[in-house]
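> What follows is a predicted structure for the sequence shown.
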Amino acid sequence: MDSYKDALTYLFTHLPMFQRTGPAAYKHSLENTFRLDRMYSHPHQSFRAIHVAGTNGKGSVSHMLASVLQSAGYRTGLFTSPHLKDFRERIRINGEMVPENFVAAWTEDFRMRNLTEGINPSFFELTAAMAFDYFARENVDIAVIEVGLGGRLDSTNIITPLVSIITNIGYDHTSLLGETLPLIAAEKAGIIKKDIPVVVSKRQAEVEEVFISKAKVENAPLYFADHEYSTDYGLIDLEGNQVFNFTKNGEPIYLGLKTDLPGMYQRHNIPAVLKTIDLLRETGINVIDDALYKGLSSVRQQTGLQGRWQVIGANPRMVCDTGHNEDGIRAVMEQIRQTQYRNLHIVFGVVADKDPSKVLNLLPRKATYYFCKADIPRAMGEIQLQQKAAEYGLKGKAYSTVIEAFNSAKAEAGSDDFIFVGGSTFVVGEIL
């Protein structure tokens with residue numbers, strides 16, 4: 001590749017990319033992943049890892065763990081998806097994005113090697129291979145690896161981690177993962193490995209037996225984090241951090257624990273982090289309490305996490321959030337209900353390959369909507385979205401671009417109003 005720009009052109013336009021084209025890019029086999037792994041001499045075997053799957057919360061948990069491990073002095077890799085603004089957000093070491101020249105050189109190297117191999121990888125398969133090779137070359141001490149989609153057939157599922165984590169299970173990508181929560185959970189449970197401890201962030205009656213059964217088959221110690229760690233509520237300090245008092249098995253343990261991630265839903269993610277740290281300590285990973293406190297209080301600063309109840313403006317207050325499925329939108333709506341404002345404005349867009357009915361049913365009727373179409377092939381047309389939303393009593397104008405919708409909301413909102421931007425990761429990405 002002559003340049004980083006050329007590399008991106010190749011990655012985005014020559015490879016099937018789920019974020020742009022949807023289910024057509026999903027591979028129902030790990031064959032390509034194993035071939036890429038052999039091509040680069042099994043790089044994932046040279047570093048320790050933590051594997052994180054789930055419907056909602058896996059991105060936040062991954063970034064929180066990376067921040068804590070970084071604070072503990074470990075050279076920490078972080079692989080997540082999707083990116084919001086820059087492809088390089090997906091691959092980080094100690095918060096620093098992979099250099100442009102590495103992406104360019106690695107992509108060209110793959111193209112040359114592949115002249116004889118003839119692998120036809122998806123965008124995500126190749127990106128995962130790039131991340132693993134980068135972490136190996138840069139000698140990371142440990143890497144936090146977030147699953148892209150599902151778990152069992154995900155390209156990241158060739159690693160043998162120190163701990164596997166599964167966050168909340170909800171309805172998302174049902175055409176690929178299954179139409180019921182147990183079927184979806186079974187795909188996520190595919191990351192449970194023989195003898196490797198697994199932390200499930202929340203015990204959900206509908207799916208707990210799926211994890212119990214799979215863990216038993218694999219002889220994997222299973223922990224439901226919310227049965228050990230809990231907090232009633234969080235306070236907000238003067239800097240905007242949430243402050244929690246956590247108990248472990250009913251006994252006070254982490255008092256005044258702060259996080260710079262403002263979403264109220266983070267209190268359901270932190271128990272998974274705390275339990276994982278317990279297990280990592282048992283493997284010899286040294287994380288003192290000071291590192292835990294520092295890491296959780298500086299997640300955004302240390303890892304670059306964006307799009308989680310992120311404040312992007314004041315007077316009127318403007319917030320964006322990447323929550324996009326039923327559970328994610330429900331959590332966002334709960335927080336909006338606890339926000340003070342005069343009038344509510346919602347800039348909203350969705351993807352076309354998912355039925356938006358359950359999400360639309362959660363949105364407040366007493367709001368002005370700005371329906372928009374993100375700049376990707378997967379996006380649902382703004383007119384179609386407007387028509388579907390009307391069936392649920394949601395009213396507003398349609399805009400052909402996200403920026404046009406956002407600018408219209410800003411023009412119409414008063415200084416005491418509230419503007420929320422969401423519905424799709426891609427809508428948030430364009431705003432940021």
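Yep, that arrived. Residues are numbered from 1 along each chain as shown.
> Tell me which residue is most central in the protein.
Closest to where the C-alpha atoms of the chain average out (Cα atoms, centre = their mean) is residue 59, at 2.9 Å.
> Would you mind pulling up the elements that the strand or helix carrying that residue packs against?
Assessed by DSSP states H and E, residue 59 sits inside helix 58-71. Contact here means 3 or more Cβ pairs under 8 Å, 6 or more residues apart in numbering; DSSP states H and E; on that basis helix 58-71 packs against strand 48-53, strand 76-79, strand 142-146, helix 266-282, helix 289-297, helix 299-303. In short, each C-beta sits where N, CA and C put it, glycine included.
> was I right about the residue nearest to the centre of the chain contacting residue 82?
No: checked against Cβ atoms under 8 Å, the pair residue 59 and residue 82 is beyond contact range at 9.4 Å.
> circling back to that earlier point, pLDDT on the helix holding residue 59, on average?
Regarding helix 58-71, the rounded mean pLDDT is 97.
> Bridged to residue 230, which residues?
Judged by DSSP bridges, the bridge partners of residue 230 are residue 247.
> Now for it: which residues touch it?
Neighbour list for residue 230: 246-247, 271 [criterion: Cβ atoms under 8 Å, 6 or more residues apart in numbering].
> May I see the helices and strands packed on helix 58-71 organised as TSV, with mean neighbour count added?
Shown next, in TSV, are the helices and strands packed on helix 58-71 (neighbours: other Cβ atoms under 10 Å):
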stretch	mean neighbour count
strand 48-53	26
strand 76-79	28
strand 142-146	26
helix 266-282	22
helix 289-297	19
helix 299-303	20
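> looking at these, which is closest to residue 224?
helix 266-282 (8.7 Å; Cβ to Cβ).
> Can you give the distance of the closest one from its chain's centre?
Centroid separation for helix 266-282 versus its chain: 17 Å, with Cα atoms, centre = their mean, to the nearest Å.
> And for stretch 288-304?
18 Å.
> neighbouring contacts of it?
Defining contact as Cβ under 8 Å, 6+ apart, one finds that stretch 288-304 is touched by 60, 63-64, 66-73, 78, 89, 92, 94-95, 97, 241, 254, 257-261, 270, 273-274, 277, 305-306.
> Would you mind checking which of the contacts of residue 230 is nearest to residue 122?
Closest approach to residue 122 among the contacts of residue 230 (Cβ to Cβ): residue 271, at 33.4 Å.
> Okay, helices next: where are they in the stretch 51-200 of the chain?
58-71, 100-117, 123-137, 174-177, 181-188 (DSSP state H, counting those that start in this stretch).
> Tell me which of those lies nearest to residue 391.
Of those, nearest to residue 391 by Cβ to Cβ is helix 174-177, at 20.2 Å.
> Check which residues of the closest one are buried.
176-177 (16 or more other Cβ atoms under 10 Å).
> For the spatially closest residue to residue 195 that is not a sequence neighbour, give its distance to residue 5.
Counting by Cβ to Cβ, 6 or more residues apart in numbering, the nearest residue to residue 195 once its immediate chain neighbours are dropped is residue 219, at 5.5 Å. Plainly put, residue 219 is 49 Å away from residue 5 if you go by Cβ to Cβ, to the nearest Å.
> Just the buried residues from the contacts of stretch 288-304, in ChimeraX please.
Per 16+ other Cβ under 10 Å, the buried members of the contacts of stretch 288-304 correspond to this ChimeraX selection:
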select :60,63,64,66,67,68,69,70,71,72,78,89,92,94,95,97,241,254,257,258,259,260,261,270,273,274,277,305,306
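> returning to that earlier point: count of neighbours near the residue nearest to residue 195?
Counted by other Cβ atoms under 10 Å, the residues lying close to residue 219 total 10.
> That one against residue 194, yeah?
Yes: counting by Cβ under 8 Å, residue 219 touches residue 194, with 6.2 Å between them.
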